[in-house]
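Fold the following for me, if possible:
(2 chains)
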There are 2 protein chains.
Amino acid sequence: MTSRGTSGDRRRNVKLTVEYDGTGFSGWQRQGSRRTVQRCLEEALARVTGERVSLTGAGRTDAGVHAEGQVANFRTASELPADRIVGGINANLDEDAAVLSAIDVPIDFHSNRDARTKVYRYTISTRPVREVLQRRFVYWSRQRLDCRMMREAAGHLVGRHDFDSFRAEGFVEKDTVRTVEEITFDEDHDQIRIFFTGDGFLYMMVRIMVGTLIDVGRGHIEPDDIPAIMAARDRRAAGATARPEGLCMVEVRY
Amino acid sequence: MTSRGTSGDRRRNVKLTVEYDGTGFSGWQRQGSRRTVQRCLEEALARVTGERVSLTGAGRTDAGVHAEGQVANFRTASELPADRIVGGINANLDEDAAVLSAIDVPIDFHSNRDARTKVYRYTISTRPVREVLQRRFVYWSRQRLDCRMMREAAGHLVGRHDFDSFRAEGFVEKDTVRTVEEITFDEDHDQIRIFFTGDGFLYMMVRIMVGTLIDVGRGHIEPDDIPAIMAARDRRAAGATARPEGLCMVEVRY
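Modelled structure (predicted):
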């Protein structure tokens, strides 16, 4: 056995793209006996490969957060062709998750460390009546939001900054500097979709940015307050953590 | 009491536009103790108005079929303003249904008899992997569909025809002639959305038309077979009834 452990010895590294409805999951990451996406996938993979498989995900989505393009990789000695892996895993998953594709990647590929860019989308509805058909995937705000002000505030978040104010307390992070490459808004009738593109996001960072932007949209804080919130390096300076159902992990680029 | 019964005596007629996720309902129409949309709405209305209220719906959607714009009306002696009725009903409904609007209409307005045009949408996905995020609202077809052939077949369904072959057996209908004003296709990546516009549809008619169009898309029958299927006036001549989850009642025009 090498110092990398058993998984390091395996001959193949497979990259999966995964879609899931986060509503019924306690998030991505394994937590004992809880129903998490990682656990369900690892159990499905064990059945497909006949091995105990350890999955590495590109991002730890929280309970209730969705993914259209989560990426994960695992090493295996199984010689099953990649397309057979897709069908095999999906036959062993419930209806709220599926693997969209599997491809062989170099043995040292790591879905999180090698990620260049991650894209998240947060969807807000401000229609007069609560959402019904889209209730699992949209955050409904009873109050109207001033989207022009939100865009202005978002401009202050873009760039390379210390996002210490925009991360969940109680989680140790050595480096809280991240680059938000782009925040774009897509308004359609009563829906606002905000896309966040960056090299990586701290724990809860997207949801705290959204909560802060919502505060701006409601007129509780000004767009020009953002630099001071950022400079405070204090979670309490930023807005509330926006609800999980509006968030979706859209894409990971390598 | 007049011959119209108690509801005819009430002073006001209110028209509701209703949205629901049909997944958890046994359809629109009251059926004993089953959880139907009509029943949930009538119970909510009873709490809001303090009266026993009888709702008339524009269409009886089946179990699992959704609505973005179902219309219903009821008579009441309640003097509650229409917007308070919306809030009151919605506070008494579960998360899978909501009233979008309520307006006062003439006392003789009847949501079904007075409907000029109804619009339904059926959504089919032919992506390689089953649908996850949209699984409640999209029918997933493992096989690819030839959309050009389906459009051609749909052309034969448009117009004033006897749709006796396209209705559920065992339901007596005096008149099986209907006018399908338009069938339009909207293709987007792996999704096909088919919009059916008509003066009214027989029981299961949209789903049987879709099932037949799917048979065409799979190459099991030819577009030019449609006139003979229609002429047969026999349910067995048409295709299978398409699954309910792809169907949504979009709009009723008066």
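
So A:Ser165, which state does it fall into?
helix (DSSP: H, G, I helix; E, B strand; the rest coil).

Then A:Gly87?
Following three-state DSSP, we place A:Gly87 in the helix state.

what do you get for A:Val71?
Using three-state DSSP, the structure places A:Val71 in strand.

wait, it sits on A:Val18?
Yes: the criterion here is CB atoms under 8 Å, and A:Val71 meets it with A:Val18 at 7.3 Å. In short, each C-beta sits where N, CA and C put it, glycine included.

Quickly find the element holding A:Asp215.
helix A:205-217 (DSSP states H and E).

got the buried residues for that helix?
The neighbour-count check on helix A:205-217 (16 or more other CB atoms under 10 Å in any protein chain shown) flags A:205-217 as buried.

Contacts for it, please.
A:62, A:120, A:122, A:124, A:141, A:145-147, A:149-150, A:152-154, A:157, A:163, A:165-168, A:178, A:183, A:194, A:196, A:221-223, A:225-226, A:229, A:235, A:238-244, A:246-247 (CB atoms under 8 Å, 6 or more residues apart in numbering or on different chains).

Can you tell me which of the residues you listed are buried?
Looks like these have A:62, A:120, A:122, A:124, A:141, A:145, A:147, A:149-150, A:152-154, A:157, A:163, A:165-167, A:178, A:183, A:194, A:196, A:221, A:223, A:225-226, A:229, A:235, A:238-239, A:241-244, A:246-247 buried, using 16+ other CB under 10 Å.

which ones among these are found in helices?
A:147, A:149-150, A:152-154, A:157, A:226, A:229 (DSSP state H).

Pull the contacting residues for whichever residue of the stretch 101-250 of chain A sits closest to chain B.
The nearest approach of the stretch 101-250 of chain A to chain B comes at A:Val132, 4.6 Å away (CB to the nearest CB). Neighbouring residues of A:Val132 by CB under 8 Å, 6+ apart: B:19-21, B:95-98.

from the residues you listed, which two are the most distant?
B:Glu19 and B:Glu95 (11.3 Å; CB to CB).

So which of these two has more stuff around it?
Legend: neighbour count by other CB atoms under 10 Å in any protein chain shown for B:Glu19 and B:Glu95, higher for B:Glu19 (22 against 13).

which residues touch that one?
Listed by CB under 8 Å, 6+ apart, the contact set of B:Glu19 reads A:129, A:132-133, B:67-70, B:97-100.

Equivalent analysis for A:Arg35, please.
A:24-26.

let's see it at 10 Å
A:Arg35 makes contact with A:24-27, A:63, A:94, A:96, according to CB atoms under 10 Å, 6 or more residues apart in numbering or on different chains.

ok, of those, which one's closest to A:Ala46?
A:Asp94 (15.7 Å).

what's the closest non-adjacent residue to the closest one?
A:Cys40 (7.1 Å; CB to CB, 6 or more residues apart in numbering or on different chains).

model confidence over the one helix or strand the one you found maps to, on average?
Assigned by DSSP H and E, A:Cys40 belongs to helix A:37-49. The average of the pLDDT scores along helix A:37-49 is 97.

so how far is the first residue of stretch A:61-71 from its last?
Stretch A:61-71 has an end-to-end distance of 11 Å (CA to CA, to the nearest Å).

scratch that, stretch A:181-201 is what I was asking about
End-to-end span of stretch A:181-201 (CA to CA): 11 Å.

can you pull the buried residues of it?
For stretch A:181-201, by 16+ other CB under 10 Å, it's A:181, A:183, A:190, A:192-194, A:196-198, A:200-201.

So which of the residues you listed sit within strands?
A:181, A:183, A:192-194, A:196-198 (DSSP state E).

so what pLDDT did the nearest residue to A:His161 once chain neighbours are set aside get?
Excluding its sequence neighbours, the residue lying closest to A:His161 (CB to CB, 6+ apart) is A:Met230, at 5.7 Å. What the model reports as pLDDT for A:Met230 is 97.

give the contact list for A:Met230.
Neighbour list for A:Met230: A:156-157, A:159, A:161-166, A:212, A:237-238 [criterion: CB under 10 Å, 6+ apart].

Within range of chain B, give me the residues from the stretch 1-150 of chain A.
Residues of the stretch 1-150 of chain A lying near chain B by CB under 10 Å from any CB of the partner chain: A:17-22, A:66-68, A:83, A:86-87, A:90, A:93-101, A:127-137.

Please indicate which of those residues are buried?
Burial by neighbour count, judged by 16+ other CB under 10 Å, picks out A:17-22, A:66-68, A:86-87, A:90, A:93, A:96-101, A:127, A:129, A:131-137 from the residues of the stretch 1-150 of chain A next to chain B.

Out of the residues you listed, list just those in helices.
Members of those lying in helices (criterion: DSSP H): A:86-87, A:90.

Rebuild the residues you listed as a markdown table, extending it with distance to B:Gly57.
Shown next, in a markdown table, are those (distance: CB to CB, whole Å):
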| residue | distance to B:Gly57 |
| --- | --- |
| A:Val86 | 43 |
| A:Gly87 | 42 |
| A:Asn90 | 38 |
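
Show me chain A divided up by domain.
A:6-105, A:117-253 (automatic domain parsing).

how much distance is there from the longest one to the middle of the chain?
Counting by CA atoms, centre = their mean, to the nearest Å, domain A:117-253 is centred 13 Å from the centre of its parent chain.

how long is it from one end to the other?
Termini of domain A:117-253 sit 5 Å apart (CA to CA).

do the same with stretch A:168-188
Stretch A:168-188 end-to-end distance (CA to CA) = 31 Å.

can you check stretch A:164-180 too?
Start-to-end span of stretch A:164-180 (CA to CA) is 13 Å.

in it, what counts as buried?
Buried positions in stretch A:164-180, judged by neighbour count with 16+ other CB under 10 Å: A:164-167, A:178, A:180.

Let me have those in TSV, adding distance to A:Arg116 and pLDDT as columns.
Below are the buried residues of stretch A:164-180 laid out as TSV (distance: CB to CB, whole Å; pLDDT from 0 to 100):
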residue	distance to A:Arg116	pLDDT
A:Asp164	23	95
A:Ser165	25	96
A:Phe166	21	97
A:Arg167	21	94
A:Arg178	13	97
A:Val180	14	98
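
For A:Pro76, give me its contacts.
Check again: residue A:76 is Thr, not Pro. Residues near A:Thr76 by CB under 10 Å, 6+ apart: A:7, A:10-14, A:45, A:48-51, A:53-54, A:85.

same thing but 7 Å
A:10, A:12, A:14, A:49, A:51, A:53 (CB atoms under 7 Å, 6 or more residues apart in numbering or on different chains).

ok now stretch A:10-29, how far from the chain's centre?
Here the centre of stretch A:10-29 is set off from its chain's centre by 11 Å, with CA atoms, centre = their mean.

got the buried residues for that stretch?
A:10, A:13-22, A:25-28.

Contacts for stretch A:181-196, please.
A:117, A:119-127, A:145, A:147, A:151, A:154, A:157-158, A:180, A:197-198, A:206, A:209-210.

these two touch, right, the residue nearest to A:Asp94 and A:Leu93?
Yes: contact criterion CB atoms under 7 Å: A:Cys40 and A:Leu93 qualify, at 6.0 Å.
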